[in-house]
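Asker: sequence plus the predicted model coming up.
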Amino acid sequence: MFLIRIFFGLVIAAAAWTDVRSRRIPNLLLLYAAFPGGFLLGPVFPLRLVLCTLLLYPLFRLRLTGAGDVKLLAVAAAWAGPALFFRFCFLSLLAAFIPSAVLFLRGRRGARIPMGPFFLAGWASANCTVLLNI
């Protein structure tokens, strides 16, 4: 399980890098991240993947997040499972809160920020809290 978390951490790091540079998360990267999940975790992996995609799709339709963010979160949910995924989402949104609040207070309410780095911070924090049993 530890190697899976490191593998997906590297995937999120690559996604964060491309998100900052080009404001896109490549589909091919997410496909590479999702491919071994079906073999390692069995039928629960695609079930988690589809369920999370369906639950997060309205965020994309309402233009609250990008399509790459939704796909990255779906793959994260499929790899992590519910408990770690909710911790990861909470810590990612907590990390994104301060820059978002600063932009909001400066009057840049429509500003878009890449979420990839915050997902990376959330993944690292969530896994550290799990390892430390916090």
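Answerer: Cool, got the structure.

Asker: list the helices and strands the strand or helix carrying Ala16 packs on?
Answerer: Taking DSSP states H and E as the criterion, Ala16 maps to helix 2-22. Judged by 3 or more C-beta pairs under 8 Å, 6 or more residues apart in numbering; DSSP states H and E, helix 2-22 is in contact with helix 27-41, helix 67-80, helix 116-131. No exception for glycine: its C-beta is placed from N, CA and C like everyone else's.

Asker: any chance of those helices in JSON lines, plus mean pLDDT and mean neighbour count?
Answerer: Converted to JSON lines, these look like this (pLDDT from 0 to 100; neighbours: other C-beta atoms under 10 Å):
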{"stretch": "helix 27-41", "mean pLDDT": "90", "mean neighbour count": "14"}
{"stretch": "helix 67-80", "mean pLDDT": "94", "mean neighbour count": "23"}
{"stretch": "helix 116-131", "mean pLDDT": "91", "mean neighbour count": "20"}
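
Asker: re earlier: export the helix holding Ala16 to CSV, keeping only CA atoms.
Answerer: The C-alpha trace of helix 2-22 is given here as CSV (Å, rounded to 0.1, in the frame of the first residue of the first chain):
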residue,chain,number,x,y,z
PHE,A,2,2.9,2.3,0.7
LEU,A,3,4.3,1.9,-2.8
ILE,A,4,0.9,2.7,-4.2
ARG,A,5,0.8,5.9,-2.3
ILE,A,6,4.2,6.9,-3.5
PHE,A,7,3.3,6.0,-7.1
PHE,A,8,0.2,8.1,-7.0
GLY,A,9,2.1,10.9,-5.2
LEU,A,10,4.4,11.0,-8.2
VAL,A,11,1.4,11.1,-10.5
ILE,A,12,0.0,14.1,-8.6
ALA,A,13,3.4,15.8,-8.7
ALA,A,14,3.5,15.4,-12.5
ALA,A,15,-0.1,16.7,-12.7
ALA,A,16,0.7,19.7,-10.5
TRP,A,17,3.7,20.5,-12.7
THR,A,18,1.7,20.5,-15.9
ASP,A,19,-1.2,22.3,-14.3
VAL,A,20,1.0,25.2,-13.2
ARG,A,21,2.8,25.3,-16.6
SER,A,22,-0.1,24.9,-19.0
